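In: build the 3D model from these lines:
(one chain, ligands or ions: 4)
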Amino acid sequence: MATNTNSRLARLFEQMAAALELTGANPFRVNSDARVARVLAELPQDVESLVDADPAQGLKRLCEIPGIGKGSAEKIVEFLETGEIAEHTALLNQVPDGLFGVLDIPGLGPKTVKAMWEKLGITSIEDLKGKLDSPELRTLPRMGEKTIENIRKALQFKEQGGQRAPIGIVRPVAIELVEALRKVKSAQRVEFAGSLRRGKETIGDIDILAACKDAEAMRQAFCNHEDVTQVLSRGDTKCSVRLDVRGLVIQADLRLVPEANFGAAWLYFTGSKEHNVRLRERAIRKKHRLNEYGLYKGLDERPQDSGEKPVAAAKEADVYKALGLPYIPPEIREDRGELDAEIPDLIELADIKAELHAHTTASDGKLTIDELIDCAEQRGYHTLAITDHSVSSVIANGLDVKRLRAHGKSICACAKKRKNITVLCGAEVDILPDGRLDYDDDVLASLDVVVASPHVSLRQDSKTATKRLLRAIENPYVHILGHPTGRMVGAREGLEPDMKEIIAAAKQHNVALEINANWKRLDLRDIHVRAAVEAGCLIAIDTDAHRTQHFDYLIYGVLTGRRGWLTAAQCINTWPAKKLHAWLKSKR
Ligand code: DGT
Ligand code: CA
Ligand code: CA
Ligand code: ZN
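Out: Ligands and ions are numbered 1, 2, ... in the order given. Alright, predicted model coming up:
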């Protein structure tokens, strides 16, 4: 199974990095293993097939992947041949299992965990809990009452099922919170940061930054907001609260920063941590230091109140500029080569001019044809494709050919009444488990738009899934491969085809790969979008609307596109009507 081998290997390298840290190894080795873990987790192609196809070349090919050195490549090959990595087994024997859990507690770094283990014999979360009130714990370096209180809260949070929440649930809450804080009388600037600003599909916690002349008023507005169920901490510069949102417990942190340092703070707290590390490395090479207050000349730390003037601090763009970099949009701050690349003009929400995947009451949608057209028209789209389900989607009330024909007539009748929008008659045709499509070719050929999507048999093995999707892509009447893997964020893995092959075939057959904008799907996911973009493949961003509010989910698709370095030009939904219609017709 393609991605599974990648993720199993990534996990092994992650564990090696953690074990190395805990045993006090050279940071260079730790970083190297951590990097390999990330590279493997994000690799679009299957390492197994990369090596299997030509074992003699396998090692060389692995070394060509940025971030994987010879030593790591050899370990990967060792794993593929023997099913284990001897060094991994040896390292794991040196570290008690339970210690990895302790390392996972937010706020606990490897140095502290190492000290807990060596000095107090703590080897598990249970051990740590038992020692929270003990005097010995307080003898460790950096282990003040405040840190201990934070550990206690983190443990409680974990027990209450603290988990990452989907962006579609968190973002609207965070926006509302930010708006409320902006209304504080003396507020100068309020923004969200963290993974939310980077547009990640799931969010660990909400990070908000505020500059305010009256800090206490800001703290109050935050801690007393109506969604807050518990105030976890309330300090001068940082407050943490718990919010209850649709049954999910979400933590939000507010950080108060001086307006003059807002840019540097925003940059720091937007992350990703890995991106920040790269920026700091770059600053150091220029004999500068970068922290949450600004970019400063010289490498010697000075106290924050020394009056030292920063080189850059007020705006993020100033910091990038002073480091000799262009402004890097938040969505691509992931240490995926963004510091060394030319930054493309990423797609924006306003670029989208067409919705090409939407449902009506004819199948499982809640909107009539006219209501659906109203939604698209209100958003200023020049084109809407109506794509109800095909016959095999029984649960979704899929249309047989006779109903499809009647539906087509109704769509035509409604379309004729509209002047401002072109309404196209399409279908979301099921990709059957063997890759055949659910309508015959002559039926597909008669439709303006064909979205082909997998809905069933989503646990197929990788090879079968690849074959299945390739067959659909090769059908000459298919325009768009809808939610290609069928994954559901946090709920279902979906198919794990060889993405590299899928992307190459889509490019060859002029099929657009869909980013399904529904936050429960976000399929294609960011890393696959990036691979598709690099390969020059067309991308569609569609909401797959079944009801009015689904149109508002478009932003999540756009954010995912941006995380995949997508430009407007490569996304068919941004094209002018003439160009889009000509492209659709080219397959008829
Ligand atoms: P999340 O909340 O798990 O979805 O992910 P983030 O990225 O929002 O992470 P979070 O909330 O722990 O921290 C927000 C940002 O603050 C993070 O992206 C980078 C910055 N940050 C936090 N802790 C550190 C740190 O120890 N070192 C560095 N360089 N940056 C940090
Ligand atoms: Ca966060
Ligand atoms: Ca946070
Ligand atoms: Zn659909």
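In: roughly how far apart are the residue of the chain positioned farthest from its centre and L128?
Out: Using Cα atoms, centre = their mean, the residue of the chain lying farthest from its centre is P135. It sits 42.1 Å away. Computed as Cβ to Cβ, to the nearest Å, the P135 to L128 distance reads 15 Å. To be clear about C-beta, it is placed using only N, CA and C from the backbone, and glycine gets the same treatment.
In: what do you get for A427?
Out: For A427, the distance to L128 - Cβ to Cβ - is 57 Å.
In: try R35
Out: 29 Å.
In: neighbour count winner among the two?
Out: Taking neighbours as other Cβ atoms under 10 Å, R35 and L128 compare with L128 leading, 23 against 19.
In: ok, the more buried one touching M116?
Out: Yes. The pair L128 and M116 passes the contact test of Cβ atoms under 8 Å, sitting 6.9 Å apart.
In: overlap in contacts of those two?
Out: Common neighbours of L128 and M116, counting by Cβ atoms under 8 Å, 6 or more residues apart in numbering, are 102, 122.
In: can you report how many residues neighbour whichever residue of the chain sits closest to ligand 1?
Out: Nearest residue of the chain to ligand 1: G271, at 1.8 Å (Cβ to the nearest ligand atom). The number of residues packed around G271, counting by other Cβ under 10 Å, is 21.
In: how close does it sit to L566?
Out: According to Cβ to Cβ, G271 stands 21 Å off from L566.
In: go on, C375?
Out: Taken as Cβ to Cβ, the span from C375 to L566 is 24 Å.
In: those two: which is more packed in?
Out: Set C375 next to L566 and count neighbours by other Cβ under 10 Å: L566 wins out with 27 against 22.
In: so the more buried one sits right up against A540, yeah?
Out: No. In this structure L566 lies outside contact range of A540 using Cβ under 8 Å: 10.8 Å.
In: what's opposite the residue in the stretch 301-450 of the chain positioned nearest to ligand 4 in the beta bridge?
Out: Residue nearest to ligand 4 within the stretch 301-450 of the chain (Cβ to the ion): E428, separated by 4.4 Å. Beta bridges link E428 to H389, V451, judged by DSSP bridges.
In: count the neighbours of it for me.
Out: Each residue near E428 was counted by other Cβ under 10 Å, and the total is 29.
In: cool, E81 as well?
Out: 11.
In: do you know how far it is from A505?
Out: For E81, the distance to A505 equals 30 Å [Cβ to Cβ].
In: got it, and I352?
Out: In terms of Cβ to Cβ, I352 sits 25 Å off from A505.
In: check the residue of the stretch 51-200 of the chain found nearest ligand 2 and give its pLDDT.
Out: Residue of the stretch 51-200 of the chain nearest ligand 2, by Cβ to the ion: G194 (3.2 Å). As predicted, G194 sits at a pLDDT of 98.
In: identify the residues contacting it.
Out: Counting by Cβ under 8 Å, 6+ apart, G194 touches 203-207, 269-271.
In: check G324 too.
Out: Here G324 is in contact with 282, 286 (Cβ under 8 Å, 6+ apart).
In: which residues of this protein lie near ligand 2?
Out: Within the chain, the positions near ligand 2 by Cβ under 5 Å from the ion are 194-195, 204-205, 207.
In: what's the lowest-mean-pLDDT helix or strand in the chain in contact with?
Out: Using mean pLDDT, DSSP states H and E, helix 145-159 stands out as the lowest-scoring helix or strand of the chain, at a mean of 80. Contacts with helix 145-159, where a contact means Cβ under 8 Å, 6+ apart, come from 105-108, 125, 128-129, 132, 137-138, 232-233, 249, 251.
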